[in-house]
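1. pasting the structure only:
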């Protein structure tokens, strides 16, 4: 499944950086259960879904088929998530001193997920080429809101045998206006660890 997802994010015909970001965010099914959870006063579970969407929509795991083409500053792309109909938009706000991208996912019911990431450069290490991206996210559903911040690093794992792969690691801290707080970490094996109110969530 991860390889199929990456093929969708990096289609054979080619794609731009913003197009890749939009395709990467086409995982809005994570957000579909949030309104019902909030209606049942399960705000901690709703926050868990939002946090999982934030990290999965910001990362890729699978073959790095090619590097997307760069967009020009001010460019904007919108494409609907084929699974949910959510309208996802990404904009390249600036290219200097860093690439700064903003994005939104507008759910069919009016819920809004928005965020930004700043690609601060490339680091070279024994495990590959890393691209740290300090990131901020916000989610609103009616009177409910949540904020998430952290650093998510995309990494190209170079291979002498086989294809170069893309993966990620990092963390998010988050809270909402229902007095929930939590932290999420993701490792290079795509394992997510999530705690809310000092309790671990699956």
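-> Arrived safely, thanks for sending. The structure presented is a predicted model; accordingly, all values stated were derived computationally and were not measured.
2. quick check: residue 186 touching residue 192?
-> Yes: if you go by CB atoms under 8 Å, residue 186 and residue 192 touch, sitting 5.1 Å apart. In this view, the C-beta of every residue, glycine as well, is placed from N, C-alpha and C.
3. please say which of these two ends up with more neighbours.
-> More crowded of residue 186 and residue 192, by other CB atoms under 10 Å: residue 186, with 25 against 15.
4. bridging residues for that one?
-> Note on residue 186: beta-bridge partners by DSSP bridges are residue 170, residue 192.
5. again, but for residue 147
-> Per DSSP bridges, the residues bridged to residue 147 are residue 138, residue 175.
6. that one reaches residue 180, doesn't it?
-> No: using CB under 8 Å, residue 147 is not in contact with residue 180; the gap is 11.2 Å.
7. more neighbours, the two?
-> It is residue 180, of residue 147 and residue 180, that has more neighbours when counted by other CB under 10 Å, with 17 against 14.
8. where's that one relative to residue 48, distance?
-> The gap separating residue 180 from residue 48 is 9 Å, by CB to CB, to the nearest Å.
9. which residues touch residue 159?
-> By CB atoms under 8 Å, 6 or more residues apart in numbering, residue 159 lies in contact with residue 165.
10. tell me the spacing between it and residue 81.
-> 31 Å.
11. could you do residue 66 as well?
-> 23 Å.
12. okay, the two: which has more neighbours?
-> Per other CB under 10 Å, whichever of residue 66 and residue 81 has more neighbours is residue 81, with 20 against 11.
13. so the residue lying closest to the more buried one once chain neighbours are set aside, which state does it fall into?
-> Excluding its sequence neighbours, the residue lying closest to residue 81 (CB to CB, 6 or more residues apart in numbering) is residue 26, at 4.3 Å. Reducing the assignment at residue 26 to three states with DSSP: H, G, I helix; E, B strand; the rest coil gives coil.
14. the lowest-mean-pLDDT helix or strand in the chain: how far from the chain's middle?
-> The least trusted helix or strand in the chain, going by mean pLDDT, DSSP states H and E, turns out to be strand 123-125, with a mean of 75. Averaging C-alpha positions (CA atoms, centre = their mean, to the nearest Å) puts strand 123-125 22 Å from its chain's average.
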